[in-house]
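Peer 1: Need a 3D model of the following:
(2 chains)
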Amino acid sequence: GQGVEQPDNLMSVEGTFARVNCTYSTSGFNGLSWYQQREGHAPVFLSYVVLDGLKDSGHFSTFLSRSNGYSYLLLTELQIKDSASYLCAVRHPNYNVLYFGSGTKLTVEP
Amino acid sequence: GGIITQTPKFLIGQEGQKLTLKCQQNFNHDTMYWYRQDSGKGLRLIYYSITENDLQKGDLSEGYDASREKKSSFSLTVTSAQKNEMAVFLCASSPGTPSQNTLYFGAGTRLSVL
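Peer 2: Residues are numbered from 1 along each chain as shown, chains lettered A, B, ... in the order given. The predicted structure follows:
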């Protein structure tokens, strides 16, 4: 099967940062995407990475290490409204197929 | 911009019933998907379609049929609803090319089976 693993929950404090981890073990790899999903809403695309290293997109940054099958999404200067689930998805070499993790529910406290 | 519309938003069915979920997109995207989301689990791919009249099975296709009669629409049929089944079905579309890989999701259809 295709394994994409994420911790279930993460808590952090407003104004600080949170790092959402994702590990994967898939039969092929052609990039990794992050999506944000608020309760009762559809997932919304945040970021896509295919090369190793850190990709800084301001409030959201993403890191990838292909040799370790590992990525993280870093949220800085957290706001209460960042509370949501964050989904990691690995793209199969067949570009049309994404394998999703179960998501990490981030709670940002005052 | 575009939008993906899923109907109905809520669907209550009876055990053994055949149920159909509909999805329309006006992005003019080639590729469309149906995912199932259960509480505490990731999105699991049921079917996808890369063009009109094309169907490709995902990991969770058993118990489902799909139809892509037009580029803009993709429907999913639950062939026999299972008692106490509860899940959210998410439709998505994508340009489907290597350089354009973002999925755009609809708001979902929430299924409950009595």
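
Peer 1: For chain B, which residues are neighbours of chain A?
Peer 2: B:31, B:35, B:40-45, B:48, B:50, B:56, B:58-59, B:90, B:94, B:96-98, B:101-108 (Cβ under 8 Å from any Cβ of the partner chain). No exception for glycine: its C-beta is placed from N, CA and C like everyone else's.

Peer 1: Reduced to three states, what does the residue nearest the centre of chain B come out as?
Peer 2: With distances taken as Cα atoms, centre = their mean, the residue of chain B nearest its centroid is residue B:34 (2.7 Å). The three-state label given to residue B:34 by DSSP: H, G, I helix; E, B strand; the rest coil is strand.

Peer 1: quick one: contacts for it?
Peer 2: B:21, B:23, B:45-48, B:58, B:64, B:66, B:74, B:76, B:89-91 (Cβ atoms under 8 Å, 6 or more residues apart in numbering or on different chains).

Peer 1: So it versus chain A, what's the distance?
Peer 2: Distance, residue B:34 to chain A, by Cβ to the nearest Cβ, to the nearest Å: 13 Å.

Peer 1: thinking again about what came up before, out of the contacts of residue B:34, which are inside helices?
Peer 2: Among those, the subset assigned to helices under DSSP state H is empty.

Peer 1: can I assume residue A:106 is in contact with residue A:21?
Peer 2: No: proximity of residue A:106 to residue A:21 does not meet the contact threshold set by Cβ atoms under 8 Å, at 11.6 Å.

Peer 1: Not counting sequence-adjacent ones, nearest residue to residue B:48?
Peer 2: residue B:33 (4.5 Å; Cβ to Cβ, 6 or more residues apart in numbering or on different chains).

Peer 1: coming back round to it: just the buried ones from the residues of chain B next to chain A?
Peer 2: B:31, B:35, B:42-45, B:48, B:50, B:56, B:58, B:90, B:94, B:96, B:101-108 (16 or more other Cβ atoms under 10 Å in any protein chain shown).

Peer 1: Going by residue numbers, what spans are strands in chain B?
Peer 2: B:4-7, B:10-13, B:19-25, B:31-37, B:43-49, B:56-57, B:64-70, B:73-78, B:86-94, B:104-105, B:109-113 (DSSP state E).

Peer 1: out of those strands, nearest to residue A:77?
Peer 2: strand B:104-105 (26.6 Å; Cβ to Cβ).
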